[in-house]
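Peer 1: With the input below, show me the fold.
(chains A, B, C and D)
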Protein chains: 2
Amino acid sequence: MQPTTGAPSPSATRRPTVKDVARVAGVGVGTVSRVLNAEGKVSADSRSRVTAAIDELGYVRDTAARELRRGASASVGLLVEDVADPFYSQLHRAVESALDRHDLTVLAASSGGSSSQVRRIVDGLAARRVEGLVVTMPMDADESRLASMQRDGVHVVFVDRPALTFEADSVLTDSRRGARMGIEHLLARGHRRIAVLLDDARNFTSGERLAGVLDAIDAAGLARDAVEVSQAAPDVEAVAARLASLLAGEEPPTAIFSGNNRTTVATLRATRALGVRLDVVGFDDLELADLLDPPLTVVAQDASAIGAIASQLLVDRLDGHDGPARRRLVDPVLIVRAP
Amino acid sequence: MQPTTGAPSPSATRRPTVKDVARVAGVGVGTVSRVLNAEGKVSADSRSRVTAAIDELGYVRDTAARELRRGASASVGLLVEDVADPFYSQLHRAVESALDRHDLTVLAASSGGSSSQVRRIVDGLAARRVEGLVVTMPMDADESRLASMQRDGVHVVFVDRPALTFEADSVLTDSRRGARMGIEHLLARGHRRIAVLLDDARNFTSGERLAGVLDAIDAAGLARDAVEVSQAAPDVEAVAARLASLLAGEEPPTAIFSGNNRTTVATLRATRALGVRLDVVGFDDLELADLLDPPLTVVAQDASAIGAIASQLLVDRLDGHDGPARRRLVDPVLIVRAP
DNA sequence: GCGGGAGGTGGAATCGATTCCACCTCGGAC
DNA sequence: GTCCGAGGTGGAATCGATTCCACCTCCCGC
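Peer 2: Sure, this is the predicted structure:
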């Protein structure tokens, strides 16, 4: 009954396309496209009529159609373990603001450390034809998909750990150096029995940090048993148990070097619960660390710098840079908060 | 010279399309599509040949083409002030994991509180044809674009503050109640001179929290001058100056209620610097609050719950729910950490 | 006067997945 | 034997922006 030409309800109006814009502006679609993309020659007259038509119709160009035709998407994927983790969320922000300047959209996703999630996310990003990828991967995740995307022209930058099975740019905190700085600080304060609590040994950074700890000990000409190293997942109860047993030992440590954020927090809670006051140096800064009693000295990583540098490497590649894989080390900073 | 039929280099091989899959599987493209989308009738035989062909070719379906044809994108936008802010990053994570279960991709972006960025981001999300939007906006940002997207069938959920100029679902912490709880806690501890440091008065939550503060005072039958309220941007120096002047006054406050995260941190630093010990209650929890001296009592917001509920409201709408705008209040929790 | 380059322009073909319609083949009901 | 519906299937048309080619008009140089 309702004739198809009847006045459509406002919400039913099809959204305008380039064709509509062309019609209203009295030009061809080619000209509209040239205006939209600010390329090719367009007379000032045509240009102004097109922009007027765009405003009049409230035209927004459809990203899907553009991407389909272009075969690429003006976006880059950011794969992290958890977007809510302060380290990664700062990284995210830095990447976002660096790439925003190049009109690239960031598609961020959390893997939760699960390899199957990693696969799903990477496939999804490939399906979206991202132009680049900034990734942190669990150690056991399969990198082959990333390698094949790289061969297909997608620029890949690893952060927090390097690629293991193929050549790719990477940006890492110099963990080894940071750990060394932390231990040297404790040694300088006179400690000779230091408990070192590191992350799971399968973790790349954990190995680096262990090496840095040993560097410090060796450089000081001390015996390796000046440090008591544990490598385990940063679990609150496990850390507490470990600390309790260390402190109950014959030669209890007088200081603790904690290899990551969560272990540091667990350590602080545990020492508080045990009623002991020990010098603690943690890897990764914590908000309020300066207000603790005793204040917490840390080796701080600069997540924003890592994100900015990773973005820069990516943008270089997108701009045509075609050298071998680069590795950038970002210096950690020792923030001494002595009591 | 090089014949066009010559063996292409591996990286030059065009990526396979449904057509290729169809050819290899010996079926039509319609059948391939039916398999990919698990809809319509397909014989077991065809199905297995299609999946085999997909594996063999390493086919991944192109999202842009799919979205173009479908006219929608199986994704929702998340617009926050800053993805690196702990509150928003937790919200982000919660939204991400809730929507992941419905095969929706989250496109997150930070506005940095700038209205022009808000406009850019919203336009970008509209161009991507998101099916829904979870947004926090600066108070002065223009909502009309969101309203028109809503008319076009995009489901919009506000978080942290309600929509002001149109009807939309929203999920908010019950700030008023939270502030009241915080003040009542301080009153119960005997305080009768409380400094209240709130965010900028233009901020929606700031007004709510002020109301909650007054609720508590009124309910206790006290005179309003039991509280000394300031509303200002959470700037470290400003807070320090304000506190110094309050403490130098005739009847200095014996406790402080701080209306947000950053003000709380500024307050703690300032009291530490001034060498005074005051009871402090803060709105928003902080990671190490329990390890401070004195420990910090807080009114905690549940960012994850807010994200989960917002996602739920969105999913309902996507599933066809079509009622009036809903407002969900999430209860804050008073976490008492008495010395 | 003519050739040719620069400045502009229109529009058909294209990207790849989905959708819809036409159509095929059985098997069973009558 | 015929009809019908259910189970399946192929493939052309479609979504909307970009791209490329053909073509048009000046204007300059010789």
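Peer 1: contacts, neighbours, all on C-alpha from now
Peer 2: Will do.
Peer 1: what about the strands in the stretch 201-339 of chain A?
Peer 2: A:227-231, A:255-258, A:279-283, A:297-300, A:327-330, A:333-335 (DSSP state E, counting those that start in this stretch).
Peer 1: Could you point out which of those strands sits nearest residue A:150?
Peer 2: Checking the strands of the stretch 201-339 of chain A against residue A:150 by C-alpha to C-alpha gives strand A:327-330 as the closest, at 16.5 Å.
Peer 1: Surely residue A:333 touches residue A:178?
Peer 2: Yes - using C-alpha atoms under 8 Å, residue A:333 is in contact with residue A:178, at 7.3 Å.
Peer 1: got TSV for the strands of the stretch 201-339 of chain A, with mean pLDDT too?
Peer 2: Formatted as TSV, the strands of the stretch 201-339 of chain A follow (pLDDT from 0 to 100):
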stretch	mean pLDDT
strand A:227-231	91
strand A:255-258	95
strand A:279-283	95
strand A:297-300	97
strand A:327-330	97
strand A:333-335	96
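Peer 1: Using TSV, please lay out those together with mean neighbour count.
Peer 2: Shown next, in TSV, are the strands of the stretch 201-339 of chain A (neighbours: other C-alpha atoms under 10 Å in any protein chain shown):
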stretch	mean neighbour count
strand A:227-231	18
strand A:255-258	26
strand A:279-283	26
strand A:297-300	25
strand A:327-330	16
strand A:333-335	18
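Peer 1: Of all the ones you listed, which one is nearest residue A:130?
Peer 2: Of the strands of the stretch 201-339 of chain A, nearest to residue A:130 by C-alpha to C-alpha is strand A:327-330, at 22.1 Å.
Peer 1: gap between the closest residue to residue A:236 other than its chain neighbours and chain B?
Peer 2: Closest residue to residue A:236 apart from its sequence neighbours, by C-alpha to C-alpha, 6 or more residues apart in numbering or on different chains: residue A:266 at 5.0 Å. Taking C-alpha to the nearest C-alpha, to the nearest Å as the criterion, residue A:266 is separated from chain B by 10 Å.
Peer 1: Tally up the residues packed near residue A:266, please.
Peer 2: Other residues near residue A:266 number 19, with proximity taken as other C-alpha atoms under 10 Å in any protein chain shown.
Peer 1: Just list the residues touching it, thanks.
Peer 2: A:234, A:235, A:236, A:237, A:239, A:240 (C-alpha atoms under 8 Å, 6 or more residues apart in numbering or on different chains).
Peer 1: Let's have the residues you listed in TSV, adding neighbour count.
Peer 2: Compiled in TSV, the contacts of residue A:266 are given as follows (neighbours: other C-alpha under 10 Å):
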residue	neighbour count
A:234	22
A:235	12
A:236	17
A:237	12
A:239	23
A:240	20
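Peer 1: Closest to residue A:302 out of those residues?
Peer 2: Once C-alpha to C-alpha is applied, the member of the contacts of residue A:266 that ends up nearest residue A:302 is residue A:234, at 20.9 Å.
Peer 1: Isn't that closest one up against residue A:265?
Peer 2: No - counting by C-alpha under 8 Å, residue A:234 stays clear of residue A:265, with 9.5 Å between them.
Peer 1: interface residues of the stretch 1-150 of chain A facing DNA strand C?
Peer 2: Residues of the stretch 1-150 of chain A found near DNA strand C (C-alpha under 7 Å from any atom of the strand) are A:26-31, A:40-47, A:65, A:68-69, A:71.
Peer 1: of those residues, list those near DNA strand D.
Peer 2: With C-alpha under 7 Å from any atom of the strand as the criterion, those include A:29, A:30, A:31, A:65, A:68, A:69 near DNA strand D.
Peer 1: Can you go through those residues and name the buried ones?
Peer 2: With burial judged by 16 or more other C-alpha atoms under 10 Å in any protein chain shown, the buried subset of these is A:29, A:31, A:65, A:68.
Peer 1: so what are the domain limits for chain A?
Peer 2: Chain A resolves into domains spanning A:10-61, A:73-167+A:304-330, A:175-300 when parsed by automatic domain parsing.
Peer 1: quick one, which of the ones you listed is nearest to residue B:194?
Peer 2: Nearest to residue B:194 among the domains of chain A is domain A:175-300 (22.4 Å), distances taken as C-alpha to C-alpha.
Peer 1: how many neighbours does whatever residue of the stretch 151-300 of chain A ends up closest to DNA strand C have?
Peer 2: Closest approach between the stretch 151-300 of chain A and DNA strand C, counting by C-alpha to the nearest atom of the strand: residue A:152, at 12.8 Å. When counting by other C-alpha under 10 Å, one arrives at 16 neighbours for residue A:152.
Peer 1: how close does it sit to residue A:73?
Peer 2: Separation of residue A:152 from residue A:73 (C-alpha to C-alpha, to the nearest Å) stands at 14 Å.
Peer 1: again, but for residue A:89
Peer 2: 23 Å.
Peer 1: again, but for residue A:121
Peer 2: 16 Å.
Peer 1: picking that back up, switch the domains of chain A over to TSV; also include distance to residue B:55.
Peer 2: Shown next, in TSV, are the domains of chain A (distance: least, C-alpha to C-alpha, whole Å):
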stretch	distance to residue B:55
domain A:10-61	34
domain A:73-167+A:304-330	13
domain A:175-300	31
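Peer 1: Checking residue A:197 next. Helix, strand or coil?
Peer 2: Three-state assignment for residue A:197 (DSSP: H, G, I helix; E, B strand; the rest coil): strand.
Peer 1: mind listing what it touches?
Peer 2: Here residue A:197 is in contact with A:229, A:230, A:231, A:232, A:239, A:256, A:257, A:258, A:259, A:263 (criterion: C-alpha under 8 Å, 6+ apart).
Peer 1: does it have beta-bridge partners, and which?
Peer 2: Using DSSP bridges, the beta-bridge partners of residue A:197 come out as residue A:230, residue A:258.
Peer 1: sorry, back to before: and residue A:89 and residue A:73? which has more neighbours close in?
Peer 2: Taking other C-alpha under 10 Å, residue A:89 and residue A:73 do not tie; residue A:89 has more neighbours (26 against 20).
Peer 1: and stretch A:260-273, what's its mean pLDDT?
Peer 2: Summarised as a single mean, pLDDT over stretch A:260-273 is 90.
Peer 1: should've said stretch A:191-210
Peer 2: pLDDT averaged over stretch A:191-210 gives 93.
Peer 1: same question, stretch A:70-85
Peer 2: The predicted model gives stretch A:70-85 an average pLDDT of 96.
Peer 1: For stretch A:284-293, the averaged confidence score.
Peer 2: Mean pLDDT, computed over stretch A:284-293, is 89.
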